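**Student:** Here is a sequence together with a model predicted from it:
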Amino acid sequence: MNTSNDLVHLIGSMTRQEKRYFKLSSAFYNKGEGNDCSRLFEVIDKMQPESDAALAAAVQGKPYARRLSSLKNELTELLLDSLSAYHATKQSRAQLRRLLTHVETLYSRGLYNHCLKILTRAEKKARETEYHPALIEVFRWKRNLLIKGITDSFETDIDALYQQVDILLTQMTNANEYLRLMDLMQAISARYAAVPVPSDLEKLRSIMAHSLMRDETQAVSFDAQLALYNTRGTYSLLTGDQDGALYQYKKAVYLWKRFPAMVADRPSQYGRYLLNYLNCLLSSSDENEFITILRDLKTLSASSPEEIHGMRDAWNIELLYFLNRGQLDHCLSVIADIEQFMSVRADKYSPLVYITLCHNCAVIYFLEGRYSKALEYLTIILNERRIEVKRDLQEFARAFGVLVHYELGNTDILDNRLRSNKRFIRKNQLPGIIEGIILMSVEKLLDATDKKNIDRIIHAMYGELADLLHHGNQEFLGLPEILFWAESRLQNRSTHEVFVERMQNGPYETAKDMFPLHSSAQILPHKEL
């Protein structure tokens with residue numbers, strides 16, 4: 001039986017255009033008052049029930065409530081048929097299946113000449129997209145046609161056909177082996193954010209020692225070449241060879257560009273390769289190439305959950321790229337794009353994608369000194385209840401929220417916020433290291449009455465946070481931004497000004513290079529400190 005969650009997730013994954021197509025087709029083929037599937041669809045689309053029990057309660061009293069189980073299965077089949085029909089004109093594989101169905105229909109009627117014309121179109125499309133299963137099917141039908149009309153050249157024609165089949169099978173075997181090596185490499189890569197352990201390094205070397213990895217000429221098909229470049233690029237990343245990774249992913253992206261039919265057929269996969277290359281370009285000085293690849297990525301549609309994740313990752317990379325260069329004005333234009341996208345596509349975000357984008361917005365507005373806007377996004381993060389928000393995002397939002405309220409002069413709110421944050425840390429037994437430093441510092445700042453005392457408190461906070469940056473055993477989200485804020489307050493300058501000046505004096509390998517410990521005593525103009 002189809003559980004409600006399966007059906008809810010299927011409907012939730014559909015775009016507005018797909019839902020509209022289903023409603024129109026359902027209304028056309030199921031006229032009258034008996035269209036229970038459409039009614040059930042409307043209930044699920046509106047309420048998004050979390051369980052079978054919730055769905056049963058939602059349809060209680062409806063005429064179809066007694067046969068809810070079978071109706072869910074009917075609706076699922078109708079939705080899948082509708083989605084297949086909707087995308088049949090867009091996806092080459094769907095087009096090929098349609099053409100081959102036409103071939104079968106014509107062949108069964110003995111219309112062999114017409115059948116051959118359709119088959120020729122199918123073969124061309126199958127070769128353009130290297131869809132080998134369809135090409136095998138094309139060859140099978142060509143064999144049937146040759147047998148139906150045996151001519152004087154039959155022996156030559158049938159021999160040539162089987163030679164093509166042999167070549168195709170060899171290419172498929174070759175591509176299959178490249179894909180196997182790539183999958184093995186990816187499996188090892190998925191386990192590590194840093195350098196692999198020695199035993200896995202040995203496995204990586206054995207993969208790269210394979211004859212197919214050493215000889216590029218053996219990669220004869222698109223998929224084989226793509227797998228080769230991806231495997232080499234992943235190996236370069238795992239072994240710390242950034243230049244090697246950049247070179248391999250660039251070759252992969254420009255391979256895609258030479259095959260526009262592949263891009264049209266597999267946009268999500270193409271987007272992943274663009275993201276890999278864009279990530280490698282982060283440390284590159286070729287800004288034109290970075291902007292070109294970013295533009296290519298943004299021109300792809302973003303309708304599926306995977307593509308929306310890709311857009312989030314692209315924005316993250318773009319923000320990081322221009323933040324590292326101190327170009328806050330460009331970052332604000334990126335945030336404007338994010339806000340526009342969120343306003344029209346909020347129903348397609350997973351909670352984690354949504355709050356990650358909110359985090360980006362909050363950071364940029366904080367650095368710009370636009371604290372009211374930053375507070376809007378921090379509040380969204382703190383109020384998100386659809387899933388358990390990552391602890392580092394929660395700590396980030398609470399810590400930044402305290403500083404933002406302090407900057408806005410919300411003294412009454414701050415008193416309550418300080419107490420509630422302390423209770424939250426104690427109740428949940430959280431480390432709260434950064435948050436604890438900020439809470440204590442802001443608590444003292446509320447009692448400080450003159451500039452020297454305020455500077456002493458902020459200077460002490462800066463020193464503790466800088467020490468944590470250098471000697472802490474984990475990374476803390478938002479720590480560099482808080483240090484920029486503290487430095488700007490001590491120097492009586494805007495955070496924007498301090499940030500841009502520091503970043504344009506880069507590049508810096510790590511945040512520790514931006515905030516060396518020996519400089520923490522030099523940022524305060526008061527000599528007695």
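**Tutor:** Okay, I see it.
**Student:** Now do the top helix by length along the chain: distance to the chain's middle.
**Tutor:** Identified as the longest helix of the chain according to DSSP state H is helix 154-189. Computed by C-alpha atoms, centre = their mean, to the nearest Å, the chain-centroid distance of helix 154-189 equals 31 Å.
**Student:** Kindly report the same for stretch 11-31.
**Tutor:** With C-alpha atoms, centre = their mean, you get 27 Å for stretch 11-31.
**Student:** What's the mean pLDDT across it?
**Tutor:** In this model, stretch 11-31 has a mean pLDDT of 77.
**Student:** List the buried residues of the longest helix of the chain.
**Tutor:** Buried positions in helix 154-189, judged by neighbour count with 16 or more other C-beta atoms under 10 Å: 165, 168, 171-172, 174-175, 177-179, 181-182, 184-185, 188-189. Backbone N, C-alpha and C define where each C-beta goes, glycine included.
**Student:** Please apply the same query to stretch 273-285.
**Tutor:** Tyr273, Leu274, Leu275, Asn276, Tyr277, Leu278, Asn279, Cys280, Leu281.
**Student:** Take these and write them to TSV, including secondary structure.
**Tutor:** Listed next are those as TSV, based on DSSP: H, G, I helix; E, B strand; the rest coil:
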residue	secondary structure
Tyr273	helix
Leu274	helix
Leu275	helix
Asn276	helix
Tyr277	helix
Leu278	helix
Asn279	helix
Cys280	helix
Leu281	helix
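**Student:** Out of those residues, the closest to Pro480 would be?
**Tutor:** Asn279 (19.9 Å; C-beta to C-beta).
**Student:** Name the surrounding residues that touch stretch 254-267.
**Tutor:** 91-93, 128-130, 222, 225-226, 229, 270, 273, 300-301, 307 (C-beta atoms under 8 Å, 6 or more residues apart in numbering).
**Student:** distance from the centroid: which residue in the protein tops it?
**Tutor:** Asp152 (57.8 Å; C-alpha atoms, centre = their mean).
**Student:** Tell me how this structure divides into domains.
**Tutor:** 4-87, 92-180, 370-529 (automatic domain parsing).
**Student:** Rebuild the ones you listed as a markdown table, extending it with distance to Ser236.
**Tutor:** Supplementary listing: these in a markdown table, determined by distance: least, C-beta to C-beta, whole Å:
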| stretch | distance to Ser236 |
| --- | --- |
| domain 4-87 | 35 |
| domain 92-180 | 17 |
| domain 370-529 | 19 |
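**Student:** Residues in contact with stretch 274-290: which ones?
**Tutor:** 230, 233, 242, 245-246, 249-250, 252-253, 293-294, 296-297, 300, 310, 313-314, 317, 320-321, 324, 507.
**Student:** Can you tell me which of the residues you listed are buried?
**Tutor:** Among those, those scoring as buried are 230, 233, 245-246, 249-250, 252-253, 293-294, 296-297, 300, 310, 313-314, 317, 321 (criterion: 16+ other C-beta under 10 Å).
**Student:** Just these: which are in strands?
**Tutor:** Among the buried ones among the contacts of stretch 274-290, no residue falls in strands (DSSP state E).
**Student:** other SSEs contacting the one helix or strand Arg398 maps to?
**Tutor:** Using DSSP states H and E, Arg398 sits in helix 391-408. Secondary-structure packing of helix 391-408 (3 or more C-beta pairs under 8 Å, 6 or more residues apart in numbering; DSSP states H and E): helix 351-368, helix 371-383, helix 411-427, helix 433-447, helix 479-490.
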